[in-house]
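Participant: structure for the following, please:
(one chain, ligands or ions: 2)
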Amino acid sequence: MNKLVVAIDGPSGSGKSSVSKAVARHFNLQYLDTGAMYRALTWYCLKQQTDLTNPEAIIAAAEKFPLHQGTSPDEESIVVGETDVAEAIREPGISGSVSAVASVPRVREILIQMQRDAIAAAPRGMVAEGRDITTVVAPDADARVLLTASEEVRMARRGLQLGGTQSSSDLQKQVVQRDAKDSKVNNFTEAAEGVALVDSSDLDFDQTIAAVIAAVEKQINN
Ligand SMILES: Nc1ncnc2c1ncn2[C@@H]1O[C@H](COP(=O)(O)OP(=O)(O)OP(=O)(O)O)[C@@H](O)[C@H]1O
Ligand SMILES: Nc1ccn([C@H]2C[C@H](O)[C@@H](COP(=O)(O)O)O2)c(=O)n1
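Facilitator: Ligands and ions are numbered 1, 2, ... in the order given. Below you'll find the model as predicted:
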């Protein structure tokens, strides 16, 4: 196979980003974090004091969104205009606002086109992860995986990732309530036809990577 495209979706805290990077390294592919794109656009809107209750204003921002995103699985690079936003886009303020931006259909069209362009431009191929990669962005990917885990496990992982600083109600907002809003736009809790389901609730990190690699190999060798 000349080029390999792997699509991975899943809910918040399921391990999409960390597992996708490891899978990209394993297959020597580039990596696209599409959630980071929605987060960076949210940062850009907030920076310009765009009214997030006004879809037209968000669309106007998306149409001139100066995003420069790296696709190395080893080094995150996400710059808006001249500003490195890699850390800023992970702040709870962005997590709390991003669903408003991601739920505007025209905004999704613009970012989906950017995502398809990035996949097309990757010479060896790419692991792209998000909420609608297996179903909308790249339904014809060579391998498609829905990575999930129970709500309790995902909140615990996110809590550990944030250094134990978040209350359980903060974690509930960042994981469960955000998923509820995002689910109105895409179904990322059930695997679409032809998409392999990997439930990592009872798997450690290395076992999860191995399970996703096995699912990809099974699909590409079929
Ligand atoms: N199987 C696993 N066992 C234990 N920890 C895991 C496992 N998978 C991922 N993690 C850890 O869980 C945390 C959340 O993972 P990650 O950020 O990759 O999730 P995500 O699905 O990309 O979340 P979001 O969509 O909210 O960005 C990370 O600290 C990661 O190392
Ligand atoms: N393909 C995608 C990717 C992400 N989103 C939205 C939904 C999330 O709340 C937000 C941030 O994503 P994360 O960094 O948590 O993976 O972006 C989406 O709608 N479609």
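Participant: now do the phi/psi pair for the residue sitting nearest the centre point of the chain.
Facilitator: Nearest to the mean C-alpha position of the chain, by CA atoms, centre = their mean, lies residue 130 at 3.0 Å. Main-chain torsions, residue 130, degrees, to the nearest 10: phi 180, psi -130.
Participant: how about the contacts made by whichever residue of the chain sits closest to ligand 1?
Facilitator: The minimum distance from the chain to ligand 1, using CB to the nearest ligand atom, falls at residue 15 (2.8 Å). In short, each C-beta sits where N, CA and C put it, glycine included. By CB atoms under 8 Å, 6 or more residues apart in numbering, the contact set of residue 15 is 147, 149, 157, 200, 205, 208.
Participant: could I get the full set of helices for this protein?
Facilitator: In the chain, the segments counted as helices under DSSP state H are 16-27, 34-47, 55-63, 92-102, 105-121, 151-161, 168-171, 178-182, 205-220.
Participant: show me which residues of the protein sit near ligand 1.
Facilitator: Contact residues, the chain versus ligand 1 (CB under 6 Å from any ligand atom): 10, 12-19, 35, 157-158, 161, 200, 203-205, 208.
Participant: for the helix or strand bottoming out on mean pLDDT in the chain, buried residues please.
Facilitator: Least confident helix or strand of the chain, by mean pLDDT, DSSP states H and E, is helix 168-171 with a mean of 90. Using 16 or more other CB atoms under 10 Å as the test for burial, helix 168-171 gives 170, 171.
Participant: so which elements touch it?
Facilitator: Applying 3 or more CB pairs under 8 Å, 6 or more residues apart in numbering; DSSP states H and E, one finds that helix 168-171 contacts helix 151-161.
Participant: give me the contacts around the helix it packs on.
Facilitator: So helix 151-161 is contacted by 11-15, 149, 166, 168, 171-172, 174-176, 200-201 (CB under 8 Å, 6+ apart).
Participant: which of the residues you listed tops the neighbour count?
Facilitator: Greatest neighbour count in the contacts of helix 151-161, by other CB atoms under 10 Å, goes to residue 14: 29 neighbours.
Participant: where does the chain dip in pLDDT?
Facilitator: The chain contains residues with pLDDT under 70 at 1.
Participant: who in it is up against ligand 2?
Facilitator: So the chain meets ligand 2 at 12, 34-36, 38-39, 98-99, 102, 130-133, 178, 182, 185 (CB under 6 Å from any ligand atom).
Participant: switch to 5 Å and redo it
Facilitator: 34, 35, 38, 98, 102, 130, 131, 132, 178, 182 (CB under 5 Å from any ligand atom).
Participant: still on that earlier bit, which one of the contacts of residue 15 sits closest to residue 49?
Facilitator: Lowest distance from residue 49 to the contacts of residue 15 (CB to CB) belongs to residue 157, with 33.7 Å.
Participant: that older thread, which among the residues of the chain next to ligand 2 end up buried?
Facilitator: For the residues of the chain next to ligand 2, buried by 16+ other CB under 10 Å: 34, 35, 38, 98, 102, 130, 131, 132, 178, 182.
Participant: redo these as CSV? Include distance to residue 108.
Facilitator: Output for those, formatted as CSV (distance: CB to CB, whole Å):
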residue, distance to residue 108
34, 10
35, 13
38, 9
98, 12
102, 7
130, 11
131, 10
132, 8
178, 16
182, 11
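Participant: please look at residue 84 and residue 70 and confirm they touch.
Facilitator: No: because the distance of 10.8 Å does not satisfy CB atoms under 8 Å, residue 84 is recorded as not touching residue 70.
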